[in-house]
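K.L.:
Give the three-dimensional model of this entry:
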Amino acid sequence: MPSLDNTSLVFCGMVVTFATSIGMAITQWTRKTYPGFAYWTVGEFCRTLGFLFYATAPGHSPLIILGTCFDSANLIVNNRGLLVFRGRHQAHYRWEILLALLWTSLFVYFTYRQQINNRVMLYSLYHCGYYGWGAFILLTRRPAYAGSGDVLLTTSLVVWTLLDLTRGIYVGLFSPPVAHAIAAHPLTSIYAIFVMVLALMIALGRIMMNAQRLEYDYHAAQLNLEEDIVRREKYEHELEGYRGHLEELIEVRTAALSQSESKFRALVEQSLVGIYIYQDYFIRYANQTLCQMLGYASAEALVGSVPTINIIAPPNRFSVLKRIRRISRGLDEESTFSIGLLRTDGGTVDVEVRSRPIEYAGQPATIGVVIDVSERNRATKNFRALASRLQSVREEERSRIARDNHDDLGQSMTALKMKTVWLKKQLSPASVEENLAGIAEMEQMIAQIIQSVHDISWALRPGVLDTLGLPAAIEWLGKDFQRRAGIRCHLNLRAKHVHLDNDRATQIFRICQELLTNVIRHSRASHVELTLKFDKSGRLLLAVKDDGIGMGDTKPGSQSLGLLGMRERVNELGGEIDILSTPKLRGTCIRVRVPCSVGANFSNCNKCDKCKEPSQ
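P.N.:
Got it, this is the predicted structure:
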């Protein structure tokens with residue numbers, strides 16, 4: 001067989017690699033390929049460019065080096081494609097780059113030094129190493145989809161590895177320049193054809209590997225699909241059973257719900273309290289009790305036709321409506337308040353409303369109960385009037401008893417004492433000496449009785465309250481408290497010229513008396529501060545502060561008899577009471593604020609003409 005020159009061999013190799021590159025590119029574009037196949041396509045084009053540079057300028061060193069770089073890139077990219085195709089993505093780019101730089105440097109050195117044998121040997125061994133590494137990757141990792149394409153590619157790489165190893169050893173042992181000797185050798189043409197066939201087999205093996213994996217994935221997907229179909233049919237059969245059972249449950253629950261709804265509706269309609277649902281400025285539901293409470297003949301006359309603002313009494317109409325809207329929007333969880341509602345006959349009914357947010361017809365709303373407290377309010381008002389009357393009668397009776405006690409019994413005891421003194425003077429000196437001890441004892445007993453009568457009279461009704469007014473009475477009460485209890489009492493009486501009517505002064509005095517009594521009974525205090533002044537709004541402020549043990553676990557708002565009595569007195573005066581007692585605050589501070597006159601409220605109390613001292 002006639003031998004071919006080196007240029008012809010290179011040209012034939014370029015044609016073969018170009019053909020394989022086109023075939024793989026067509027496969028890449030027209031069929032589904034896996035990661036790694038694109039690396040092989042790029043590698044084949046790199047080998048084609050390498051052969052192109054070899055063939056265009058044989059013997060030209062820069063082009064030979066450039067073609068060799070493309071050929072080296074082909075090896076690196078092809079093996080990287082094998083790793084990716086096999087699912088091994090761990091990369092060793094640094095070692096590959098260092099090895100490629102070392103190989104390129106040696107190749108450049110041998111090319112420019114015209115050491116052809118060393119260059120060919122380096123080229124052969126470098127290719128032998130990369131082809132051997134590719135065969136090693138295929139042999140060490142055989143997945144389930146491996147088949148004849150893997151065998152063909154592995155065999156081709158092993159054969160090419162042996163050929164390059166043989167060429168490298170042959171060139172290393174051949175001492176003269178081998179470029180022309182290899183081209184002139186009779187087996188060169190057979191070697192070139194064999195290498196081209198190997199290149200075609202490698203490309204065919206890669207295409208077959210991709211096709212095998214496609215087929216394997218197709219069968220796996222088909223099996224999974226069949227399993228999914230069987231599983232779906234099973235689930236559908238079970239679902240049919242569940243659906244029948246669920247329909248039975250729905251029927252039973254629907255019947256139970258309908259029965260429960262009818263019972264609930266009957267219960268709501270027969271309720272003794274009014275029940276409503278509010279939404280978008282209108283009552284959307286009202287039971288019969290609420291309709292009767294407001295004077296409507298039926299729920300249709302009220303529900304959805306009368307704006308809610310029109311049934312709320314004017315004094316607090318907008319504030320109540322604002323509160324109900326806040327509840328319906330979920331800004332407040334629950335609220336209880338007392339208002340007045342307008343009846344159709346023009347009257348007003350006092351009610352207590354408790355409402356909370358719900359969802360009605362898919363929109364936020366408010367549901368609540370309405371309790372008619374008109375009778376209770378009237379009873380409370382009558383009770384307070386009766387209690388006030390009893391307080392007045394009791395104070396009048398105390399005043400009468402104190403006055404009678406002081407006038408009658410006090411005068412009689414004084415007269416008795418004067419008679420005792422007169423009797424003492426009328427007796428002879430001898431008799432006086434004999435009866436002096438008895439007369440002295442009688443005088444002492446009479447003095448004690450007079451003092452007891454005086455104390456009882458002041459306890460029932462202190463005369464200073466009627467003669468000098470409330471500030472002087474409070475001052476006397478503080479000093480008497482300090483004398484009887486032995487607790488230091490600091491008086492802070494800034495309101496010294498306040499003038500109150502007799503009933504109000506008496507009530508405030510009794511409140512102060514009860515506060516000091518509680519200090520003696522419960523506080524264990526060593527110091528008490530008693531304050532009487534005007535606050536910033538002009539109200540009269542009475543404050544008692546001690547340094548005792550406080551109220552402990554007892555809530556300041558607990559309804560003990562003493563606190564309940566004080567609260568009733570303060571409410572009767574139109575005032576308010578504040579009790580401050582916390583674990584962090586030592587002792588207890590109770591403040592009472594009342595207007596200075598009957599009918600005065602907190603906003604105009606500082607205009608009261610009865611108070612001669614300006615507000616402090």
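
K.L.:
can you list the weak-confidence ranges in the stretch 351-500 of the chain?
P.N.:
Along the stretch 351-500 of the chain, segments meeting pLDDT under 70 span 382-413, 415-417, 419-443, 451-461.

K.L.:
need the strands for it, in chain order.
P.N.:
363-372, 488-493 (DSSP state E, counting those that start in this stretch).

K.L.:
Out of the ones you listed, which is the most enclosed?
P.N.:
strand 363-372 (a mean of 19; mean count of other C-beta atoms under 10 Å). In this view, the C-beta of every residue, glycine as well, is placed from N, C-alpha and C.

K.L.:
Direction included, what does it pair up with?
P.N.:
As defined by DSSP bridges, the strand partners of strand 363-372 come to strand 274-279 (antiparallel), strand 348-360 (antiparallel).

K.L.:
next one: the shortest one to chain centre, how far?
P.N.:
Right, strand 274-279. Centroid separation for strand 274-279 versus its chain: 31 Å, with C-alpha atoms, centre = their mean, to the nearest Å.

K.L.:
With stretch 496-505 instead?
P.N.:
55 Å.

K.L.:
Then stretch 66-85?
P.N.:
58 Å.

K.L.:
and if you look at stretch 204-216?
P.N.:
Worked out by C-alpha atoms, centre = their mean, stretch 204-216 lies 57 Å from the chain centre.

K.L.:
Just the buried positions in that stretch, please.
P.N.:
Buried residues in stretch 204-216, defined by neighbour count with 16 or more other C-beta atoms under 10 Å: 204-213.

K.L.:
now stretch 137-150
P.N.:
By 16+ other C-beta under 10 Å, the buried positions in stretch 137-150 come out as 137-138, 145-147, 149-150.

K.L.:
Please apply the same query to stretch 192-206.
P.N.:
For stretch 192-206, burial by neighbour count (16+ other C-beta under 10 Å) applies to 192, 195-196, 198-206.

K.L.:
Helix or strand with the lowest mean pLDDT in the protein?
P.N.:
helix 179-184 (a mean of 54; mean pLDDT, DSSP states H and E).

K.L.:
Go ahead and measure how far stretch 198-207 is from the middle of the chain.
P.N.:
Distance, centroid of stretch 198-207 to centroid of chain: 65 Å (C-alpha atoms, centre = their mean).

K.L.:
Report all helices and strands that the longest helix seen in the chain contacts.
P.N.:
For the chain, the helix with the greatest residue count under DSSP state H is helix 188-269. Using 3 or more C-beta pairs under 8 Å, 6 or more residues apart in numbering; DSSP states H and E, the elements in contact with helix 188-269 are helix 6-30, helix 37-56, helix 148-173.

K.L.:
Counting by contacts, list what the second one packs against.
P.N.:
Right, the one you point to is helix 37-56. helix 6-30, helix 61-85, helix 188-269.

K.L.:
most centrally placed residue in the chain?
P.N.:
The chain has Leu331 as the residue nearest its centroid, 14.9 Å off, counting by C-alpha atoms, centre = their mean.

K.L.:
what about it, which SS state?
P.N.:
coil (DSSP: H, G, I helix; E, B strand; the rest coil).

K.L.:
And the contacts of stretch 203-218?
P.N.:
20, 23-24, 27, 31-34, 37, 40, 44, 85, 144-150, 152-154, 156 (C-beta atoms under 8 Å, 6 or more residues apart in numbering).

K.L.:
One more pass at 7 Å, please.
P.N.:
For stretch 203-218, contacts defined as C-beta atoms under 7 Å, 6 or more residues apart in numbering pick out 20, 23-24, 27, 32-34, 37, 40, 44, 144-145, 147-150, 152-153, 156.

K.L.:
Repeat that for stretch 512-523.
P.N.:
With C-beta under 7 Å, 6+ apart, stretch 512-523 has contacts from 474, 477, 481, 485, 525, 528, 542, 544, 546, 548-549, 562, 565-566, 588, 590.

K.L.:
try stretch 342-354
P.N.:
293-296, 311, 313, 336-341, 368-374, 377.

K.L.:
right, and the helices and strands packed on helix 37-56 - which one's nearest Cys128?
P.N.:
Smallest distance to Cys128 across the helices and strands packed on helix 37-56 (C-beta to C-beta): 10.5 Å, for helix 61-85.

K.L.:
Now do that closest one: which elements does it pack against?
P.N.:
helix 37-56, helix 93-112, helix 116-140 (3 or more C-beta pairs under 7 Å, 6 or more residues apart in numbering; DSSP states H and E).

K.L.:
and those, which is most packed in?
P.N.:
Of these, helix 37-56 is the most buried (mean count of other C-beta under 10 Å), at a mean of 22.

K.L.:
so where's the stretch 51-200 of the chain uncertain?
P.N.:
Across the stretch 51-200 of the chain (using pLDDT under 70), the flagged ranges come out as 54-55, 57-60, 88-93, 174-189, 191.

K.L.:
swap the cut-off to 80 and go again
P.N.:
Residue ranges of the stretch 51-200 of the chain with pLDDT under 80: 51-76, 78, 80-101, 103-104, 107-124, 141-146, 167-168, 170-196.
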